[in-house]
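Undergrad: my questions are about this predicted structure, shown below with the sequence.
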Amino acid sequence: MTPAQKLHAETKKWANPHDRLMQRAWQGCREGLAICRRDEAARQKALEFSNRAKAVAPTHMQRWIEILQGEHADHVATLFGIESFFSLMPQEQAWWDQLIQSAPFAPILAPLRQEKIKSRGQKLNRNEQTHMTLEQFDHVCRAAAAVAGVKKVYVFGANAIIPWLAQASHPIPLSGLKPSRELDVSVNDEQLDTLIDGLLGEFSLFDTAFSVYAHGVNLTVFQAPSNWRQRTGKRTEPVNTVEIIVPHPHDLIISKLVAGRQKDFDFAVSVERLFPMTDNVLNELVEEFRVAHLQAEAGLRTNVEIWKNKILPTGNPQD
């Protein structure tokens with residue numbers, strides 16, 4: 001058995017998801033820094049990411065800037081000399097611990113992994129076609145809060161319905177929908193949202209390890225009625241007590257009808273079956289939306305009529 005095969009076998013034995021993530025992160029740092037040492041364009045990309053993220057993670061990103069500029073030679077030698085993170089001496093492990101979780105190599109490694117997967121005709125993860133569970137939902141929110149150094153996150157998009165399903169004792173996932181591994185997350189800070197997307201996004205080490213990922217986006221992209229914040233629900237993540245804010249199901253319906261893709265109509269139909277909306281409520285939400293997004297009002301009203309026709313067999317909104 002080669003050293004690489006032995007390491008892979010050892011990694012599979014680790015029962016602790018955090019340990020698996022740390023080892024993948026260690027390997028990702030080895031791979032990313034090796035690319036940067038032989039490719040100046042890649043090094044510049046990593047430096048650019050580090051400088052952008054420095055405002056929100058100054059200590060770790062400053063250290064990565066120094067590494068990318070050729071400093072900390074002894075620690076870098078250890079990085080390339082030791083294959084397993086857990087084989088490091090305790091002092092060296094402590095030096096790298098938080099550093100490898102904030103590595104600036106996502107802009108370099110993500111496209112490479114994507115191309116490799118496409119060329120082999122493979123799926124990114126064994127669980128790629130599975131629906132997100134409540135536990136995975138909490139895990140992504142917990143990781144996003146840790147990356148941003150906050151205790152509250154906002155979630156929107158289709159998977160934001162998961163806490164509402166759990167609270168109402170409805171089955172998870174929402175039936176009849178295409179599986180999604182993505183969770184739209186914001187901490188209402190553009191720089192921190194960008195950092196979350198870089199470290200926990202699609203094809204990141206987190207995604208590879210856990211088969212789900214965070215799409216860190218600014219809260220302003222959520223097109224919803226103007227008073228949606230007054231109707232939000234709150235879930236407390238059970239491990240680190242992160243406060244998770246999710247829009248009301250009716251506001252999620254409106255946001256999906258704005259987009260108007262087939263999967264958005266499917267989502268809106270399925271949600272309305274579990275969380276019925278009267279005509280009065282619908283009209284109020286459309287009017288609220290008009291106040292906030294006047295230019296998109298006409299498209300929403302068109303899609304609302306299409307949606308109402310789709311839900312007629314299972315019950316039209318009533319006064």
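TA: Alright, I've got the coordinates. Values in this document were obtained by computation on a predicted structure and should not be read as measured data. Numbers count the residues shown, from 1 in each chain.

Undergrad: I'd say residue 200 and residue 207 touch.
TA: Yes - in terms of Cβ atoms under 8 Å, residue 200 counts as a neighbour of residue 207; the distance is 7.4 Å. Where C-beta positions appear, they are placed from N, C-alpha and C, glycine not excepted.

Undergrad: which residues are in contact with both of these two?
TA: Common neighbours of residue 200 and residue 207 (criterion: Cβ atoms under 8 Å, 6 or more residues apart in numbering): residue 213.

Undergrad: between the two ends of stretch 273-280, how far is it?
TA: The first and final residues of stretch 273-280 sit 17 Å from each other (Cα to Cα, to the nearest Å).

Undergrad: walk me through the domains of this protein.
TA: Domain assignment of the chain by automatic domain parsing yields the ranges 3-120, 134-314.

Undergrad: turn these into TSV, including mean neighbour count.
TA: Supplementary listing: those in TSV, determined by neighbours: other Cβ atoms under 10 Å:
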stretch	mean neighbour count
domain 3-120	16
domain 134-314	18
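
Undergrad: ranked by average pLDDT, which of those domains falls at the bottom?
TA: Ranked by mean pLDDT, the domains of the chain bottom out at domain 3-120, which scores a mean of 81.

Undergrad: quick one: secondary structure of the nearest residue to residue 165 once chain neighbours are set aside?
TA: Setting aside the residues directly before and after it, residue 165 is nearest to residue 172 in space (Cβ to Cβ, 6 or more residues apart in numbering), at 5.0 Å. When states are read from DSSP: H, G, I helix; E, B strand; the rest coil, the local structure at residue 172 comes out as coil.

Undergrad: wait, isn't residue 172 in contact with residue 136?
TA: No - counting by Cβ under 8 Å, residue 172 sits too far from residue 136 to count as a contact (10.2 Å).

Undergrad: please save the CA atoms from the helix or strand residue 63 falls within in CSV.
TA: Element membership of residue 63 [criterion: DSSP states H and E] is helix 58-68. Backbone C-alpha positions of helix 58-68 (Å, rounded to 0.1, in the frame of the first residue of the first chain) are rendered in CSV as follows:
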residue,chain,number,x,y,z
PRO,A,58,-7.0,39.8,10.0
THR,A,59,-4.8,37.4,12.0
HIS,A,60,-5.2,34.4,9.9
MET,A,61,-5.2,36.1,6.5
GLN,A,62,-2.1,38.2,7.4
ARG,A,63,-0.3,34.9,8.1
TRP,A,64,-1.4,33.5,4.8
ILE,A,65,-0.2,36.6,3.0
GLU,A,66,3.2,36.1,4.7
ILE,A,67,3.3,32.4,3.7
LEU,A,68,2.4,33.3,0.1
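
Undergrad: ok, and what's touching it?
TA: Counting contacts by Cβ under 8 Å, 6+ apart, the residues outside helix 58-68 that touch it are 33, 36, 43, 46-47, 50-51, 53-54, 72, 75-76, 98-99, 102-104.

Undergrad: helices - which of those residues land there?
TA: 33, 36, 43, 46, 47, 50, 51, 53, 75, 76, 98, 99 (DSSP state H).

Undergrad: which residues of the stretch 151-300 of the chain fall in helices?
TA: When assigned using DSSP state H, counting those that start in this stretch, the helices of the stretch 151-300 of the chain occupy the ranges 162-167, 190-200, 205-210, 249-259, 262-274, 279-292, 297-311.

Undergrad: looking at these, which is closest to residue 83?
TA: Within the helices of the stretch 151-300 of the chain, the stretch nearest residue 83 is helix 205-210; the backing value is 15.9 Å (Cβ to Cβ).

Undergrad: and the closest one, what does it pack onto?
TA: helix 17-38, helix 134-148, helix 190-200, strand 213-216 (3 or more Cβ pairs under 8 Å, 6 or more residues apart in numbering; DSSP states H and E).

Undergrad: how much space separates residue 259 from residue 168?
TA: When Cβ to Cβ, to the nearest Å is the yardstick, residue 259 and residue 168 sit 24 Å from each other.
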